[in-house]
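Trainee: Would you be able to build a 3D model of this:
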Amino acid sequence: MIEARGLTKSYGAKRAVDDATFTVRPGTVTGFLGPNGAGKSTSMRLMVGLDRPTSGTVTVNGSRYGELAAPVHEVGVLLDAKGVHPGRTARSHLRALAATHRISDGRVDEVLALAGLTAVANKRVGGFSLGMGQRLGIAAALLGDPATLILDEPVNGLDPDGVLWVRQLLRHLASEGRTVLLSSHLMSEMAQTADHVIVLGRGRVIADASISEFVTGAGGAHVIVRSPDDARLAAALLAAFPSGVDLAPAEGGGFSAHGITAPEIGGIAAAEGIVLHELRPVAASLEDAYLALSREEIEYAPAGAAA
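Mentor: Alright, predicted model coming up:
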């Protein structure tokens, strides 16, 4: 379990993390989301002792990272997959890490196989592709068989097979009761991997909920309606539901209806004798919910971008 309480980190006048309080629980995959500059990477660095909080605390399994007797066995970390000496082979890199915690060479071979790197274990890391480097970083994070994993953009540079491997691996580790925290900008992948999300905006926690609660709470579900008599149907819907229904033109014709279900629309159309050409419910997505929530929290936006 990872617990942050009033966690704050300032760099001069700028607060990278601002009084953040959250808990990352075991047995779930928790997504750590937020725009660039939101404080995700800083928070992760604070979790593993690479930075010191200005105020507040963050603990892993009840202890600060620096107090852990055998951190590799407690916490697996991937923050920068490129932080490896390019002249070392994959195996020698992992053996050097293993030696610091008396981990056997057999375990090194196990994680190389798990990460799909056995065939290139004796190749120098400087010749690795971005995806191979990510696999090596994940192998290093798993080396001590830790109960907690903290992974920053673990699927960066991976091909589709690699992305699927990471997704299945993380869900399996969570099913074993481990604590898994990962950041990613790939909302489609996060939706398939995470059970829970914590969202930061300008260093503050702006959401902390299960995926389903987060998506539902942000709204966005609607129904696409097309009819040769759109105007009359729209008037009938507004008359039947004078409050709580929002209609807007839809791309390609027709309109989108928020605050009303497809069966309700179909019932009113039938009662009015209005022909329907399309009646299509559209579920809200994690990406929709995230963009709706974080739009006002974007610190680094290109000039002219829509607010």
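Trainee: So residue 64 sits against residue 52, correct?
Mentor: No. The pair residue 64 / residue 52 is not scored as a contact, 9.9 Å apart, by CB atoms under 8 Å. All C-beta atoms are positioned from the backbone trio N, CA, C, and that covers glycine.
Trainee: And the pLDDT for residue 306?
Mentor: In this model, residue 306 is scored at 44, pLDDT.
Trainee: oh sorry, the question was meant for residue 157
Mentor: 88.
Trainee: burial count for it?
Mentor: 16 (other CB atoms under 10 Å).
Trainee: Equivalent analysis for the one 10 residues further on, please.
Mentor: Applying the criterion other CB under 10 Å, we find 18 residues in the vicinity of residue 167.
Trainee: again, but for the one 3 residues further on
Mentor: Using other CB under 10 Å, residue 170 has 22 neighbouring residues.
Trainee: so which helix or strand takes in residue 164?
Mentor: If you go by DSSP states H and E, residue 164 is part of helix 160-175.
Trainee: for that helix, packing partners?
Mentor: When contacts are defined as 3 or more CB pairs under 8 Å, 6 or more residues apart in numbering; DSSP states H and E, helix 160-175 sits against strand 29-33, helix 130-142, strand 148-152, strand 179-183, helix 187-193.
Trainee: Mean pLDDT and distance to residue 227 added to the ones you listed, as a markdown table?
Mentor: Compiled in a markdown table, the helices and strands packed on helix 160-175 are given as follows (pLDDT from 0 to 100; distance: least, CB to CB, whole Å):
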| stretch | mean pLDDT | distance to residue 227 |
| --- | --- | --- |
| strand 29-33 | 96 | 38 |
| helix 130-142 | 95 | 49 |
| strand 148-152 | 97 | 48 |
| strand 179-183 | 97 | 44 |
| helix 187-193 | 90 | 32 |
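Trainee: closest one to residue 200 among those?
Mentor: When the helices and strands packed on helix 160-175 are compared by CB to CB, strand 29-33 sits nearest residue 200, at 7.3 Å.
Trainee: Return the list of strands paired to the closest one, each annotated with direction.
Mentor: Using DSSP bridges, the strands paired with strand 29-33 in its sheet are strand 179-183 (parallel), strand 196-201 (parallel).
Trainee: Identify all contacting residues around it.
Mentor: With CB atoms under 8 Å, 6 or more residues apart in numbering as the test, strand 29-33 has contacts from 24, 40, 43-44, 170-171, 174, 179-184, 190, 193-200, 211, 290, 294.
Trainee: what do you get if the cut-off is 7 Å, keeping everything else the same?
Mentor: 24, 40, 170-171, 174, 180-184, 190, 193-199, 290 (CB atoms under 7 Å, 6 or more residues apart in numbering).
Trainee: do the same with stretch 234-243
Mentor: Here stretch 234-243 has contacts from 245, 247, 255, 257, 260, 265, 268, 272, using CB under 7 Å, 6+ apart.
Trainee: hmm, back to that, make CSV from the helices and strands packed on helix 160-175 and add mean neighbour count to it.
Mentor: Converted to CSV, these look like this (neighbours: other CB atoms under 10 Å):
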stretch, mean neighbour count
strand 29-33, 25
helix 130-142, 22
strand 148-152, 23
strand 179-183, 25
helix 187-193, 18
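Trainee: Nearest to residue 73, out of the ones you listed?
Mentor: strand 148-152 (10.2 Å).
Trainee: Check which helices and strands that closest one is in contact with.
Mentor: Contact partners of strand 148-152 among helices and strands, from 3 or more CB pairs under 7 Å, 6 or more residues apart in numbering; DSSP states H and E: helix 40-47, strand 75-78, strand 179-183.
Trainee: what angle separates it from strand 29-33?
Mentor: Relative orientation of strand 148-152 versus strand 29-33 (axes from the mean of the first three to the mean of the last three CA atoms, to 10 degrees): 30 degrees.
Trainee: if we can go back for a sec, ok, residue 64 and residue 52, which is more surrounded?
Mentor: Higher neighbour count among residue 64 and residue 52: residue 64, with 15 against 10, using other CB under 10 Å.
Trainee: Can you pull the phi and psi angles for that one?
Mentor: Phi and psi for residue 64, reported as degrees, to the nearest 10, are phi -70, psi 150.
Trainee: coming back round to it: so can I have a markdown table of the helices and strands packed on helix 160-175 showing distance to residue 230?
Mentor: Listed next are those as a markdown table, based on distance: least, CB to CB, whole Å:
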| stretch | distance to residue 230 |
| --- | --- |
| strand 29-33 | 37 |
| helix 130-142 | 49 |
| strand 148-152 | 48 |
| strand 179-183 | 43 |
| helix 187-193 | 32 |
